[in-house]
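K.L.:
Kindly return the folded structure for what I paste below:
(3 chains)
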Amino acid sequence: MISISDDIIIRTVSRVLVPFIQIYALYVIMHGHHSPGGGFQGGVILGASFILYLITHGLEDAKERMSELKAGLFSSFGLLIYSGIGLLCLIKGSNYLDYGTLSTLLRVVPAQARSLGILGVEIGVGIAVMAVMFSIFFDISTGGVLPEDEEGLGTRNE
Amino acid sequence: MEVTVLVQAVYKAFEILEKGKNSEKAREEARELLYTSAKFTSETKAITEKQEARALLLSAKQPRLALRNFTLTFFILFAFWILLSGRFDYFHLTLGGICSVLVAYLCHDLLFFNIRLGDFRTRARRFLLAGPWFMGQIFSANLHVAYLALSPKMPIDPQIIRFKTKLESDISWVGLANSITLTPGTITVDIREGEFFVHALDQKVAYDLNTGEMEDKIAHVIMEADHVYIQDVLDVASIFGALK
Amino acid sequence: MNNFLLCLGIGLFTLVFLCLYRGIFGPGILNRIAAISAIGTKTLVILLIMGFIYNRVDMFVDISMVYALLNFIGTITAAKYLEIGGEI
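P.N.:
Residues are numbered from 1 along each chain as shown, chains lettered A, B, ... in the order given. Next up is the predicted model:
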């Protein structure tokens, strides 16, 4: 069970830093073309921000912000965006993840359509990586045992 | 904020005395009001009790303040986005706007946790004017610690100082702790129930800390701990009553 | 200017080895954690100096901010683990 940190300095500084870390992670995802970054790196930083909140503010407060259910849903959602864009290209009659055919859908030139297609794929990857990192950390650190499960032992009928 | 409460209490007490034409019942009521306000702002109250009273009075987590927090957070995060990415074409600015809205929606109650009364512009102006003073402190303390570290017999005298602080909210505690740690020669070790434990390197640095100048500067910037002594207010009230 | 920055970088790099000595031989784990955190801070400054030398500061600033963040989170996690004695 991850307890809340006693130290007021760590709690306050983490609470102020978490929004800035998340904006930085989204910046890294969106500017994958121009500077080092991209989907996976931004997803790792976004997951690290949730892990920072989990460590300093304890289990209950962090579960209000990102529960296990939401982490599972977000990982599937990220994957849906990724393969959805690929399937969309397939439906339009070309190869899988061939973004050039999206140019008629978005009404831009094919080069711009490729750029936007890659951006969409990176966003999907970032969301999926964030969710998976958070849920791996959550599962390993709590050992799969949550406070409400401990009381349930002994009341099951078998 | 407590000065405002006391001043309003004194005005109300005078109104009660005027309306009751200085009768015994009116005087009793006015005295009751002044004692209640004095108890609220009393300096001997424990810090946790004061925080609970203040939270009840200000209702720190009202839902109607969520919109104000949300817009302020959105503007700060959007400014940070523009600082990070130097591109000002419509596409990137729109992306920045969407990302700022998303993060501000998820984290709007994190940046502005303690709702404070007080003028925002005054605090911002005082913050900008107090910045150079802090840098000057860091500079002079740097020179002193460099002298200590480089002299051959290294005359340090390490000690841990423990002091109570007059600041109230957790942002100001953390601001004071960070300022003390940034100044070379002193490190904040712990904060426990409103007491600071600071490790200082030698006697001169400890003396600079004990004068309480940094605490006064932070209280001046954040506009709290502006206490007025109760006995002065009560003395002045009786003089006004005699003059009438 | 490049030579000055190069000398600065090499100086910091030799200081890293002093911290590494503490990280290997420091009696107890707290010394080692403090040494690794100091090495992280020096690495961040060396990355920025490299950015100036290669004349592409904007790229290296992004990388060093990520490294500072990871250093911070790592030190806080290690400290909390040691304080509670076996649990995070």
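
K.L.:
any idea how far the spatially most central residue of chain A is from A:Gly43?
P.N.:
Taking C-alpha atoms, centre = their mean, the centroid of chain A lies closest to A:Met130, which sits 2.6 Å from it. Distance of A:Met130 to A:Gly43, given as C-beta to C-beta, to the nearest Å: 5 Å. Backbone N, C-alpha and C define where each C-beta goes, glycine included.

K.L.:
With B:Asp216 instead?
P.N.:
46 Å.

K.L.:
returning to that earlier point: and whatever helix or strand the residue nearest to the centre of chain A lives in, is it in reach of chain B?
P.N.:
Assigned by DSSP states H and E, A:Met130 falls within helix A:110-142. No: Helix A:110-142 does not reach chain B (C-beta under 8 Å from any C-beta of the partner chain); its nearest approach is 8.7 Å.

K.L.:
name the helices or strands packed onto that helix?
P.N.:
helix A:8-30, helix A:39-65, helix A:68-91, helix A:103-106 (3 or more C-beta pairs under 8 Å, 6 or more residues apart in numbering or on different chains; DSSP states H and E).

K.L.:
Could you dump those into TSV and include mean pLDDT, mean neighbour count and distance to A:Ile2?
P.N.:
TSV is the format used below for the helices and strands packed on helix A:110-142 (pLDDT from 0 to 100; neighbours: other C-beta atoms under 10 Å in any protein chain shown; distance: least, C-beta to C-beta, whole Å):
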stretch	mean pLDDT	mean neighbour count	distance to A:Ile2
helix A:8-30	93	21	13
helix A:39-65	92	20	5
helix A:68-91	93	16	14
helix A:103-106	83	13	44
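
K.L.:
Chain B is nearest to which of those?
P.N.:
helix A:8-30 (4.1 Å; C-beta to the nearest C-beta).

K.L.:
the inter-axis angle of the closest one versus helix A:110-142?
P.N.:
Put simply, helix A:8-30 runs at 150 degrees to helix A:110-142, going by axes from the mean of the first three to the mean of the last three C-alpha atoms, to 10 degrees.

K.L.:
Extract the C-alpha set from helix A:8-30 and format it as CSV.
P.N.:
In CSV, the C-alpha atoms belonging to helix A:8-30 read as follows (Å, rounded to 0.1, in the frame of the first residue of the first chain):
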residue,chain,number,x,y,z
ILE,A,8,5.2,18.9,3.0
ILE,A,9,8.0,20.2,0.8
ILE,A,10,7.9,17.1,-1.5
ARG,A,11,4.1,17.0,-1.6
THR,A,12,3.7,20.7,-2.5
VAL,A,13,6.5,20.7,-5.1
SER,A,14,5.2,17.6,-6.8
ARG,A,15,1.7,18.9,-6.9
VAL,A,16,2.9,22.2,-8.6
LEU,A,17,5.2,20.3,-11.0
VAL,A,18,2.8,17.7,-12.4
PRO,A,19,0.9,20.0,-14.8
PHE,A,20,4.1,21.4,-16.2
ILE,A,21,5.5,17.9,-16.7
GLN,A,22,2.4,16.9,-18.6
ILE,A,23,2.5,19.9,-20.9
TYR,A,24,6.2,19.2,-21.6
ALA,A,25,5.3,15.6,-22.5
LEU,A,26,2.6,16.7,-24.9
TYR,A,27,5.0,19.2,-26.4
VAL,A,28,7.5,16.3,-27.0
ILE,A,29,4.8,14.2,-28.7
MET,A,30,3.6,17.0,-31.0
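
K.L.:
ok, it near chain C or not?
P.N.:
Yes: using C-beta under 8 Å from any C-beta, we find that helix A:8-30 touches chain C at A:Ile10, A:Ser14, A:Ile21, A:Tyr24, A:Val28.

K.L.:
which one of those residues sits closest to B:Phe91?
P.N.:
A:Val28 (16.9 Å; C-beta to C-beta).

K.L.:
wouldn't the closest one be in contact with C:Asp62 here?
P.N.:
Yes: using C-beta atoms under 8 Å, A:Val28 is in contact with C:Asp62, at 7.0 Å.

K.L.:
Now for these two: what residues contact both?
P.N.:
Taking C-beta atoms under 8 Å, 6 or more residues apart in numbering or on different chains as the contact rule, A:Val28 and C:Asp62 both touch A:Gly37.

K.L.:
in chain C, which spans are helices?
P.N.:
Here chain C has its helices, by DSSP state H, at C:2-25, C:29-54, C:57-84.

K.L.:
Indicate which one of the ones you listed is closest to B:Phe91.
P.N.:
That would be helix C:57-84 among the helices of chain C, by C-beta to C-beta, at 18.8 Å.

K.L.:
any idea of the mean pLDDT in the closest one?
P.N.:
Averaged across helix C:57-84, pLDDT comes to 92.

K.L.:
Quick check: buried residues in that helix?
P.N.:
Buried positions in helix C:57-84, judged by neighbour count with 16 or more other C-beta atoms under 10 Å in any protein chain shown: C:60, C:62-66, C:69, C:71-73, C:76-80.

K.L.:
now for those residues, which pair is the farthest apart?
P.N.:
C:Phe60 and C:Lys80 (30.6 Å).

K.L.:
What residues does the residue nearest to the centre of chain A make contact with?
P.N.:
So A:Met130 contacts A:Ala25, A:Gly43, A:Val44, A:Leu46, A:Gly47, A:Phe50, A:Phe74, A:Gly78 (C-beta under 8 Å, 6+ apart).

K.L.:
so which of the residues you listed are also by chain B?
P.N.:
Okay, of the contacts of A:Met130, nothing touches chain B (C-beta under 8 Å from any C-beta).

K.L.:
Now stretch B:155-164: buried residues?
P.N.:
Using 16+ other C-beta under 10 Å as the test for burial, stretch B:155-164 gives B:Ile156.

K.L.:
can you list contacts of that stretch?
P.N.:
B:148, B:189, B:194-203, B:206, B:209-210.

K.L.:
Out of these, list just those in helices.
P.N.:
B:Leu148, B:Gln203, B:Ala206, B:Leu209, B:Asn210.

K.L.:
Throw the residues you listed into JSON lines and include neighbour count and pLDDT, thanks.
P.N.:
Formatted as JSON lines, those follow (neighbours: other C-beta atoms under 10 Å in any protein chain shown; pLDDT from 0 to 100):
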{"residue": "B:Leu148", "neighbour count": "18", "pLDDT": "89"}
{"residue": "B:Gln203", "neighbour count": "12", "pLDDT": "89"}
{"residue": "B:Ala206", "neighbour count": "19", "pLDDT": "88"}
{"residue": "B:Leu209", "neighbour count": "20", "pLDDT": "84"}
{"residue": "B:Asn210", "neighbour count": "12", "pLDDT": "85"}
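
K.L.:
between these, which is nearest chain C?
P.N.:
Nearest to chain C, judged by C-beta to the nearest C-beta, of these is B:Leu148 at 19.7 Å.

K.L.:
The closest residue to that closest one other than its chain neighbours and B:His144: what is the separation?
P.N.:
Residue nearest to B:Leu148 in three dimensions, not counting chain neighbours: B:Ile156, with 6.0 Å by C-beta to C-beta, 6 or more residues apart in numbering or on different chains. Note on B:Ile156: its distance to B:His144, by C-beta to C-beta, is 11 Å.

K.L.:
now do B:Ser238
P.N.:
50 Å.

K.L.:
Those two - which one has more neighbours?
P.N.:
B:His144 (16 against 9; other C-beta atoms under 10 Å in any protein chain shown).

K.L.:
ok now whatever helix or strand B:Ile180 lives in, how far from the chain's centre?
P.N.:
Using DSSP H and E, B:Ile180 sits in helix B:170-182. Averaging C-alpha positions (C-alpha atoms, centre = their mean, to the nearest Å) puts helix B:170-182 11 Å from its chain's average.

K.L.:
Buried residues in that helix, which are they?
P.N.:
For helix B:170-182, by 16+ other C-beta under 10 Å, it's B:Asp170, B:Ile171, B:Ser172, B:Trp173, B:Val174, B:Gly175, B:Leu176, B:Ala177, B:Ser179, B:Ile180.
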